[in-house]
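Colleague: predicted coordinates and the sequence they were generated for:
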Amino acid sequence: MQSFLGGTGPRDPVSLALGAAGLAVNVGPWTQVAVRSVGGLSAVGFDRASDTMLVTSANGQSVINGATGDILYRNREDDGLDASALKGTRLDHPADERFDMAGLYGGGLRSVTDDGWSVERLGHHCVLHPAGASVHFLEAKWATYNKDATFHVLDRSGEEIRAFGFSWTGRTLVCATPSTLLIWNRPAPLAL
């Protein structure tokens, strides 16, 4: 029987490693800048030119500085989300470019940065990998290749992971469940 992680059961090496790993707060250049409670989070999106985030929920809209986790704007009356188009409008600046949103209605954030960091959802785990590494390299089929299996668990609360990924700049990382928003930031990556 295949597990949700692709192994052959509860003893596959990926499942065992994820279950044994601690939660990452600060990893390499990434520093956790905020853990925010959000009631009924529906979607998250990033501005294309900065690390400004738009977060929509059952309680309206928040605009958040991804570098600090600070709330820049809050609207409790409307969320500005167009669920069918997966676009969000920042209600304090409605003329600005709309945000591409990811969450309850679909969509996706960047899963890989320009310098190779990657993030993925594995069941109820949100997992971060440094460039060239993957928890999947623990699987037997990779054993003879001596691949880097480094990984970091960002969330395993047991809640649905509604949205996860990087900002367009590659400096902010988010993992969101229906009730929690986790935000990490790092300095600008070195040019390749």
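Modeller: The structure has been received and is ready for your questions.

Colleague: in contact with the residue lying farthest from the centre of the chain, which residues?
Modeller: Relative to the centre of the chain, the most outlying C-alpha is that of residue 144, 31.1 Å out, by Cα atoms, centre = their mean. By Cβ atoms under 8 Å, 6 or more residues apart in numbering, no residues touch residue 144. C-beta coordinates here come from the backbone N, C-alpha and C atoms, glycine included.

Colleague: in the chain, where's the longest strand?
Modeller: In the chain, assigned by DSSP state E, the strand with the most residues is strand 30-37.

Colleague: now find how far off-centre that one is within its chain.
Modeller: The chain centre lies 11 Å from the centre of strand 30-37; the measure is Cα atoms, centre = their mean, to the nearest Å.

Colleague: how about that strand: buried residues?
Modeller: 30, 32-34, 36 (16 or more other Cβ atoms under 10 Å).

Colleague: closest one to residue 105 out of these, please.
Modeller: Nearest to residue 105, judged by Cβ to Cβ, of the buried residues of strand 30-37 is residue 36 at 20.7 Å.

Colleague: in terms of helices and strands, where is the most centrally placed residue in the chain?
Modeller: Most central in the chain under Cα atoms, centre = their mean is residue 164, positioned 2.3 Å from the mean C-alpha point. Take DSSP states H and E as the rule and residue 164 turns out to sit in strand 163-166.

Colleague: what's downstream of that strand, the next helix or strand?
Modeller: Later in the chain than strand 163-166, the nearest helix or strand by DSSP H and E is strand 172-176.

Colleague: outside of the longest strand of the chain itself, list whatever touches it.
Modeller: Strand 30-37 is contacted from outside by 24-26, 64, 66-70, 128, 173, 179-186, using Cβ under 8 Å, 6+ apart.

Colleague: what's the angle between it and strand 172-176?
Modeller: For strand 30-37 against strand 172-176, the angle by axes from the mean of the first three to the mean of the last three Cα atoms, to 10 degrees is 40 degrees.

Colleague: residue 103 touches residue 43, doesn't it?
Modeller: Yes: applying Cβ atoms under 8 Å as the test, residue 103 and residue 43 come out as touching, 3.3 Å apart.

Colleague: give the residues shared as contacts by these two.
Modeller: 56, 162-163.

Colleague: weed out the non-buried ones from those.
Modeller: 56, 162-163.

Colleague: now those residues as TSV including distance to residue 117 and pLDDT?
Modeller: Shown next, in TSV, are those (distance: Cβ to Cβ, whole Å; pLDDT from 0 to 100):
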residue	distance to residue 117	pLDDT
56	26	98
162	21	96
163	17	97
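
Colleague: tell me where this structure has helices.
Modeller: Counting by DSSP state H, the chain has helices at residues 13-20.
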